[in-house]
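> Need coordinates for the following:
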Amino acid sequence: EMLEQAIRRLDLREPFSFEFPQDIRGEARWCLLTHTPLPSGGFVRTFTDITERKRLEQELDRLSRMDSLTGAMTRRAFDQRLAEEIERARRLDHPLTLLIADLDHFKQVNDTRGHHAGDMALRGFVAVCRQEFRKYDLVGRLGGEEFALLLPDTGFDVALVAAERLRAAVTRSPIDPGVPGQTFHITVSIGVAQLRPADDATPFIQRADQALYAAKAAGRNAVRGEESEISPAAPR
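So this is what the prediction gives:
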């Protein structure tokens, strides 16, 4: 379809260029067509293989959307997907829930064990998220030790249970900084909110943040929701 569109433009008297995918001898490649009319009539038309350039562009785009330390989505990428999922939830009338998670006493980990151990704690948390949630649930790093998890097609009560499951999994998962005898554990506080009909991203995030503050006020290592709660473990 893209090539047919380009062919329809070949009679134009203005120069143009067009990128399109093409199967060449059974291999998917990207091509660049340039069309340059000549003043005396006729034209120069070139086809260039730009497969490697497209691969690099796609890799750069992927890296711009992924936090280099943890592999979670960047804040910018997560915000974009959040807006898309809010629109989708409204259009299909499906539930959507948001978890805001903050690693407890993370500064203390950095101060007492070093920044490498802190980095391993951040990576470990995202690894647990990958294990405990579905492939299409979204994990984003909002900044520092704060993360967001977006659960499409998930109601509030189910999200609370999932958040508690995550909290428990983080608590029992050891963090190994690669130094013998230095394995340690972390805990996490989590706030949960469900999308409301009038919500855009801002109030949605604010309510999850408020629930997170309630979890911290309860002694940390706890889950709190905007409307109900799960009993926390013993504070640490």
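> correct me, but H35 touches R13?
No: the criterion here is CB atoms under 8 Å, and H35 misses it with R13 at 10.0 Å. Quick note: C-beta positions are derived from backbone N, CA and C, even for glycine.
> Looking at these two, which is more packed in?
H35 (18 against 6; other CB atoms under 10 Å).
> who's in contact with R113?
Neighbouring residues of R113 by CB atoms under 8 Å, 6 or more residues apart in numbering: 177, 182, 184.
> err, A217, not the other one
Counting by CB under 8 Å, 6+ apart, A217 makes contact with nothing.
> That one and I175: what is the separation?
Distance of A217 to I175, computed by CB to CB, to the nearest Å: 25 Å.
> circling back: now list the buried members of the contacts of R113.
Buried residues within the contacts of R113, counting neighbours by 16 or more other CB atoms under 10 Å: P177.
> Pick the one among the contacts of R113 closest to V158.
Using CB to CB, F184 is the member of the contacts of R113 that lies nearest V158, at 31.1 Å.
> for the closest one, what are its contacts?
Residues in contact with F184 (CB under 8 Å, 6+ apart) are 109, 113, 117, 174-175, 177.
> Do you have the helices of this structure handy? List them.
Taking DSSP state H as the test, the helices found in the chain are 2-8, 51-65, 75-92, 106-113, 115-132, 156-172, 201-217.
> With respect to R141, which of those helices lies nearest?
Per CB to CB, nearest to R141 of the helices of the chain: helix 75-92, 6.9 Å.
> Show me what that closest one packs onto, helices and strands only.
helix 51-65, strand 96-103, strand 138-143, strand 146-152, helix 201-217 (3 or more CB pairs under 8 Å, 6 or more residues apart in numbering; DSSP states H and E).
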